[in-house]
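Novice: I would like to see how this sequence folds:
(one chain, ligands or ions: 2)
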Amino acid sequence: MTSGLARLTDELGILYGGDYNPEQWDPSVWREDVALMREAGVNLVTVGVFSWSHLEPRPGEYRFDWMDQVLDLLLDAGIAVDLATPVASPPPWLGHLHPESLPTMADGTVLSYGSRNQFCPSSDAYRAAAVGIAEQVVARYASHPAVRMWHAGNEYGQVCFCDRCAERFRDWLRARYGTLDALNAAWATVVWSQEYGDWAEILPPRVAPYHRNPSQELDFRRFGSDLLLDLYREQRAVVRRHDPARPVTTNLMGFFGGIDPHHWRADLDVIADDAYPDPASPDAAADAALVNHLARGLADGGPWLRMEQAASAVSWREHNLTKSPARLRTEVLQALAHGCDGALFFQWRQARSGPERFHSAMLPVAGADTAVHEGVRRLGAELRALRGLVGAPVHRRVALLWDWTSWWAATQVALPTARLDPLATLQAWHRELWRLGVVVDVVPADRDNVALDGYDLLLAPAQYVLDDDAAARLDAYVAGGGHLVWGPFGGVADGSSHLHVGRSPALLRHVLGVSAEEWVPLPDGGSSVVWTDTGLGDRPGTATVLGERTRSDGAAVLATYDDGPLAGCVTVAHHAYGAGRAWYVGADLTGPGGALTTVLRAALDGAGVPLGGQVPGVETVWRGATLVAVNHTGHPATLDLPAALAAGPDVVRAAAGLTDALTGSRYRPADTLPLAPHDVVVLGAG
Ligand code: GAL
Ligand code: ZN
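Specialist: Numbering: from 1, shown residues only. Ligands and ions are numbered 1, 2, ... in the order given. A predicted model of the protein is given here:
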C-alpha cells in the first residue's frame, strides 16, 4: 500500500501542489500558472477532477486538445500530474438523458444536476458513462510522461435510496446472509412485525413513520460503503487495463461517516486524505493530529498523503476564518511530523466564479503579490529542504481503537442518551493524550489484519460494538502482556446492533474485572467522582452524560460515583489479567476535576509510555531520528531539549546532538530550544 507513495516521493521528494482546474481559465493564464508553480516549488498537481463536461461536452463527443496542452506544459516545467478520472460530477446531459442516473434521498427527493456529485451509484447509465470517460482519459494519457498517479473520482460519499439501489441492496444482502431466514434473524425483524417473506419486499431504510430498524440501517451503511467501493474499483480496473504500475487512489475525508475507509484501504495504492481543520476551534491542533493519526493507521504506520487542504479560508462554513501563513506552515509541518509525505491543496489558483469563488488557494485571486502566496513559496522551499524526512516512520507506542461499525451503531436512534457522541469521545480522549505528548495510531478493533501487539497500550474510548473475534483479539492482547483502557458504553452490541446478553461488557468483563447491569444517563451537571486510591488523586472528578451501574468482579476499584443515581458504583478500576492489565473508565470524565487525565496518565505510566507535552500547545513528535517541534500557540515557548530527548527513540538518545534542518544550528542535549509563536523546528540527530 505505502509503496505507491514511495514511487512518487523517491523521485520527487515531499509532494507539493494541489488541484489544478485550468479549464476554468483562459489558456493565456496557464503559462503564468506553470511559471508560478515552478517558483513556488510545486512538483505535483491534480488535474481534471471536475472536467467531465469539458472533456465530453456531448455524449461520445470528446475534446482533449486543452488537456493535451496542459499536460505538455506541466511536463515541460517538470511538474508531475495526478490525473483524475472526472467522474465525480457528470455533465448535465447525463441527468437530462437519464433522469434515473440522479440520486434519490431517503425521503424520495431526487437531487438535480447543476451542482456536483449528482449520480446514483447503481445507475447503469452513470456507471457506463463513468467507465466510458475514464477509458478515454486513461487510454489517452497512460503513456504521458507527466502522469505519475491516478485519482479516481473525488471524495466518494454519495448514497442513494432509489429502486435500483434497493435491488443492489438485496443482492448485497443475499450475498451476506444467503437466506431470508438468516436475514430476518440478523435484523430481528420479528420486532414490530417486520418479517420479510420475499426478497422483493426489502428496501433501503427510507423515511418511515417512526424509528427504523437499527440492524437494517447498519447494513445499509455497510452496503453504501461497498457500493461506492465498487465504483472506485471499476475506475481502478480501467486504469489497470492501460497502466499496470502507477499508483491509483482517491481522496478520503478523515472521520467521514459515508464510507468505511478500513474496508477501502487495501484498494488504495496511496492513503490520501483531505483535511480542513477549523481555525476557529480551540482544539484544531489536537483534532488535526487525530485525523493525521487516522491516515497513518490506514497506511499501516507508513507514509500517507494530504491530498487537499486550504491555504487560508474555506468557503463552506458559516463564518470562514482565515489562516495566517505561519499557521498554515504549522499545520503542514505537523502533518509531516505525523508521517505525511506530501502537502497538496484545494486548489492551486483561486476560482473567480462558481460556488468556491471565496475558497482560498495557493495563488489567491488577488495574485502572487500576497502574503498567502509568499507563504506558499516559502513553504515550498522548506519542503524541498526537508526531503530527508520522506518515508521515515513515526515513533509511537499507543493506539486508539476506532471503527466505523461501532461509530455507525452508536449514533443510531433510541439509545439511552443521544448525548454520548462517539466521535466527540474519541476526540476528547485524544486531546488528553495530545496534551500529554503521546502520539497514537488510530486503528480498528474489528479487523483481523491490524497487528495490535506492536502497541504497549490500547485505548478503546468508544467501542460500542464488539463481536466475538474482536473480543478474542483484545483478550489475547491483554493476556499476552498488553495494557488496555476501556471506555464508557463499550462492548454493548454485536455487529448487527443487537445487545449482548448478560452483565456488560459481556464479552470482555472477565478481562476488565468489572461488570455493569444498567446504562444510566447522568443528571445535567454530572455526578461527582471520588478516588478510592488516593495515590491517584484527591481532587474529586466529574462524570457526565452516561454511566453504568457497575460492580467490581475482581478489579481494584480506583474511583466511585459519590452522588447521583450511581452513588457507590465503580467509575474507574484496573485489573491484572494474564500478563497484562485492563483499565475501566465508566463515564465521560472530561469535566471539572480532570479525572480522565488522571486515569490516562496512570495507564500510560503503567504501560511504560514516556510522556512528551512539556509545554502546553507545543507538540513534539519523533519521525525516525528527527524531532519535529510545533508551537501551535501564539506566544514564544522554550523546550527543554534533554527532556524531549528522553521521550525519543534510542538512536536519538544516543546521539551527540541535533541540527536544525533549516538553519543548520547545532543543539547539544544540554540546550534548550526556543520556539517563536506558531513556529516549527525540525531537528535531525547527527
Ligand atoms: C473538498 C473537495 C474539493 C473542494 C474542497 C473545498 O471536499 O474535494 O473539490 O470542494 O472540498 O474545501
Ligand atoms: Zn440509486
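Novice: what does this structure put close to ligand 1?
Specialist: Counting by Cβ under 6 Å from any ligand atom, the chain comes close to ligand 1 at 154, 155, 274, 276, 308, 314, 346, 356, 359. The C-beta positions use only the backbone N, C-alpha and C, and glycine is treated the same way.
Novice: Next up, the contacts around the first one.
Specialist: Under the criterion of Cβ atoms under 8 Å, 6 or more residues apart in numbering, the neighbours of residue 154 are 49, 50, 84, 88, 89, 250, 251.
Novice: Quick check: of those residues, which lies closest to residue 20?
Specialist: Using Cβ to Cβ, residue 49 is the member of the contacts of residue 154 that lies nearest residue 20, at 9.0 Å.
Novice: Relative to ligand 2, how far out is that closest one?
Specialist: For residue 49, the distance to ligand 2 equals 23 Å [Cβ to the ion, to the nearest Å].
Novice: Next, format the contacts of residue 154 as CSV and append secondary structure, distance to residue 216 and neighbour count.
Specialist: Formatted as CSV, these follow (DSSP: H, G, I helix; E, B strand; the rest coil; distance: Cβ to Cβ, whole Å; neighbours: other Cβ atoms under 10 Å):
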residue, secondary structure, distance to residue 216, neighbour count
49, coil, 34, 26
50, coil, 34, 17
84, strand, 35, 26
88, coil, 28, 24
89, coil, 31, 19
250, coil, 28, 27
251, strand, 30, 28
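Novice: And those, which is closest to residue 583?
Specialist: Proximity of the contacts of residue 154 to residue 583 (Cβ to Cβ) peaks at residue 251, which lies at 36.5 Å.
Novice: Can you tell me, leaving aside adjacent residues, what's nearest to the closest one?
Specialist: Once flanking residues are discounted, residue 251 sits nearest to residue 307: 4.2 Å by Cβ to Cβ, 6 or more residues apart in numbering.
Novice: After the helix or strand where the one you found lies, which helix or strand is next?
Specialist: Per DSSP states H and E, residue 307 falls inside strand 304-308. Downstream of strand 304-308, the next assigned helix or strand under DSSP H and E is helix 325-337.
Novice: Can I get that next one as PDB, trimmed to CA atoms?
Specialist: Taking Å, rounded to 0.1, in the frame of the first residue of the first chain, the C-alpha atoms of helix 325-337 are listed here in PDB:
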ATOM      1  CA  PRO A 325       0.900  31.700   6.600                       C
ATOM      2  CA  ALA A 326       2.500  30.800   9.900                       C
ATOM      3  CA  ARG A 327      -0.500  28.800  10.900                       C
ATOM      4  CA  LEU A 328      -0.600  27.100   7.500                       C
ATOM      5  CA  ARG A 329       3.000  26.100   8.000                       C
ATOM      6  CA  THR A 330       2.400  24.700  11.400                       C
ATOM      7  CA  GLU A 331      -0.500  22.500  10.000                       C
ATOM      8  CA  VAL A 332       1.600  21.300   7.100                       C
ATOM      9  CA  LEU A 333       4.700  20.500   9.200                       C
ATOM     10  CA  GLN A 334       2.500  18.900  11.900                       C
ATOM     11  CA  ALA A 335       1.200  16.500   9.300                       C
ATOM     12  CA  LEU A 336       4.700  15.900   8.100                       C
ATOM     13  CA  ALA A 337       5.700  15.000  11.600                       C
END
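Novice: where do the helices sit along the stretch 1-150 of the chain?
Specialist: 3-12, 27-40, 52-55, 65-76, 92-97, 124-141 (DSSP state H, counting those that start in this stretch).
Novice: Kindly reformat those as TSV containing mean pLDDT and mean neighbour count.
Specialist: Putting the helices of the stretch 1-150 of the chain into TSV (pLDDT from 0 to 100; neighbours: other Cβ atoms under 10 Å) gives the following:
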stretch	mean pLDDT	mean neighbour count
helix 3-12	94	18
helix 27-40	98	16
helix 52-55	98	20
helix 65-76	98	17
helix 92-97	98	17
helix 124-141	98	20
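Novice: circling back to that earlier point, for the strand holding residue 307, which outside residues touch it?
Specialist: 2, 5, 15, 18-19, 46, 151, 249, 251, 270-276, 295-296, 298, 332, 335, 339-346.
Novice: Most proximal residue of the stretch 301-450 of the chain with respect to ligand 2?
Specialist: residue 408 (19.8 Å; Cβ to the ion).
Novice: now swap in the stretch 551-686 of the chain and tell me
Specialist: Taking Cβ to the ion, the stretch 551-686 of the chain has residue 588 as its residue nearest ligand 2, at 38.5 Å.
Novice: just checking, that residue touches residue 541?
Specialist: No: assessed by Cβ atoms under 8 Å, residue 588 is found out of contact with residue 541, at 10.5 Å.
Novice: what touches both of those two?
Specialist: residue 596.
Novice: After the helix or strand of the chain with the lowest mean pLDDT, which helix or strand is next? Please name it.
Specialist: Least confident helix or strand of the chain, by mean pLDDT, DSSP states H and E, is helix 650-654 with a mean of 81. As assigned by DSSP H and E, the chain's next helix or strand after helix 650-654 is strand 658-660.
Novice: Contacts (any at all) between ligand 2 and the longest helix along the chain?
Specialist: The single longest helix within the chain, with elements called by DSSP state H, is helix 214-242. No: against ligand 2, helix 214-242 shows no contacts by Cβ under 5 Å from the ion, the least distance being 8.9 Å.
Novice: Identify each buried residue in the helix or strand containing residue 424, please.
Specialist: For residue 424, the host element (DSSP H and E) is helix 422-435. Buried residues in helix 422-435, counting neighbours by 16 or more other Cβ atoms under 10 Å, are found at 422, 425, 426, 427, 428, 429, 430, 431, 432, 433, 434, 435.
Novice: Farthest-apart pair in these, please.
Specialist: In the buried residues of helix 422-435, two members sit farther apart than any others by Cβ to Cβ. They are 422 and 435, at 20.6 Å.
Novice: Pick out the residue nearest the middle of the chain.
Specialist: Most central in the chain under Cα atoms, centre = their mean is residue 254, positioned 2.5 Å from the mean C-alpha point.
Novice: can I assume it is in contact with residue 273?
Specialist: Yes: under the criterion of Cβ under 8 Å, residue 254 makes contact with residue 273 at 6.0 Å.
Novice: and for these two, which residues touch both?
Specialist: Counting by Cβ under 8 Å, 6+ apart, the residues touching both residue 254 and residue 273 are 291, 294, 295.
Novice: Tell me how many other residues surround the first one.
Specialist: The criterion is other Cβ atoms under 10 Å. On that basis, residue 291 has 23 neighbouring residues.
Novice: list the contacts for it?
Specialist: Contacts of residue 291 by Cβ under 8 Å, 6+ apart are 254, 255, 273, 275, 277.
Novice: Leaving out chain neighbours, which residue sits closest to the fourth one?
Specialist: Counting by Cβ to Cβ, 6+ apart, the nearest residue to residue 275 once its immediate chain neighbours are dropped is residue 291, at 5.1 Å.
Novice: next one: the third one
Specialist: The shortest distance from residue 273 to any residue that is not its chain neighbour, by Cβ to Cβ, 6+ apart, is 4.4 Å, and that residue is residue 295.
Novice: For that neighbour, grab the count of nearby residues.
Specialist: Counted with other Cβ under 10 Å, the neighbours of residue 295 add up to 25.
Novice: Now name the helix or strand holding it.
Specialist: Secondary structure from DSSP H and E places residue 295 in helix 284-298.
Novice: how much space between the nearest residue to residue 145 once chain neighbours are set aside and residue 45?
Specialist: In space, and not counting its chain neighbours, residue 145 is closest to residue 75: 5.9 Å by Cβ to Cβ, 6+ apart. Separation of residue 75 from residue 45 (Cβ to Cβ, to the nearest Å): 12 Å.
Novice: Give me the common contacts of those two.
Specialist: Common neighbours of residue 75 and residue 45 (Cβ under 8 Å, 6+ apart) do not exist.
Novice: thought the residue nearest to residue 273 was touching residue 249?
Specialist: No: in this structure residue 295 lies outside contact range of residue 249 using Cβ under 8 Å: 12.0 Å.
Novice: For the residue of the stretch 551-686 of the chain closest to ligand 2, report the pLDDT, please.
Specialist: Among the per-residue scores, residue 588 holds a pLDDT of 96.
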